[in-house]
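1. the following block contains a protein sequence and its predicted model.
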Amino acid sequence: QGAHSNYDIDLFQDLIRAAARETHSKDLASNSLKVIADHIRACSFLIVDGVIPGNEGRGYVLRRIIRRAIRHGYKLGQTDPFFHRLVDDLSRAMGEAYPELVQAQERVAQVLRQEEERFAETLVNGMKVLEGALNREDKMLDGETVFQLYDTFGFPVDLTADIARERDVRVDYAGFEAAMQRQRERARAASKFTVSAGVEYSGRPTEFH
């Protein structure tokens, strides 16, 4: 199509306009709209292929991508679930080439909506914590805050790092790893249990026939 960027081809322009519609954004050159347009493709095809959001492996990769897209919607001022509505636009744009997307369209939208609603519960409060922490004079986001955002508010570390990078703030990854290690040690300690005394049985053994 004579374009110099993927985002200039008709497919992406359709998705960018759809993202603008759902986020009530008027700036079609916004980088956030490009992120959302790119991520709706990635997330939808992962779900079509059988991946669901989770805390491990492929599922966590999917969750990270979804939450990054949702945060960019939040950045544009959209705090209500919107991402799942783009599945219909994606299906119209790519459904002819990928009929499996059309067949799974309803399921994909449902999975995305559930993930949006799950993250929306903590996104606003997590952003308040992050905004406060980003105002430090030393321009360093401490590892304990990064861990709190991950553990309490469901912010993937790379999402927190994205936001910090936008503010020219460095991330204390070593502090985060130390906090993660302490949590693992607490989890291991909690999972151990001892039996102080065995149970003794009296009487003759049970005979099986």
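-> Cool, the structure landed. Worth saying up front: this structure is predicted, and the values here are computed from it rather than measured.

2. host element of the nearest residue to Asp151 once chain neighbours are set aside?
-> In this structure, Asp151 finds its nearest non-sequential neighbour in Gln183, 7.0 Å apart by Cβ to Cβ, 6 or more residues apart in numbering. (C-beta placed from N, C-alpha, C; glycine too.) Assigned by DSSP states H and E, Gln183 belongs to helix 173-191.

3. and that helix, how far from the chain's centre?
-> 22 Å (Cα atoms, centre = their mean, to the nearest Å).

4. from the contact counts, what lies against that helix?
-> Secondary-structure packing of helix 173-191 (3 or more Cβ pairs under 8 Å, 6 or more residues apart in numbering; DSSP states H and E): helix 143-153.

5. mind listing what's buried along the helix it packs on?
-> Neighbour counts using 16 or more other Cβ atoms under 10 Å place Gly143, Thr145, Val146, Phe147, Gln148, Leu149, Tyr150, Phe153 of helix 143-153 among the buried residues.

6. so for the last one, what's the pLDDT?
-> So the one you mean is Phe153. For Phe153, the model assigns a pLDDT of 93.

7. nearest spatial neighbour of it, skipping sequence neighbours?
-> Nearest residue to Phe153, sequence neighbours excluded (Cβ to Cβ, 6+ apart): Gly126, at 3.2 Å.

8. quick check: next helix or strand after the helix or strand harbouring the one you found?
-> Per DSSP H and E: Gly126 is located in helix 99-133. Next along the chain after helix 99-133, taking DSSP H and E as the criterion, comes strand 140-141.

9. and that next one, what does it pack against?
-> When contacts are defined as 3+ Cβ pairs under 8 Å, 6+ apart, strand 140-141 packs onto strand 170-171.
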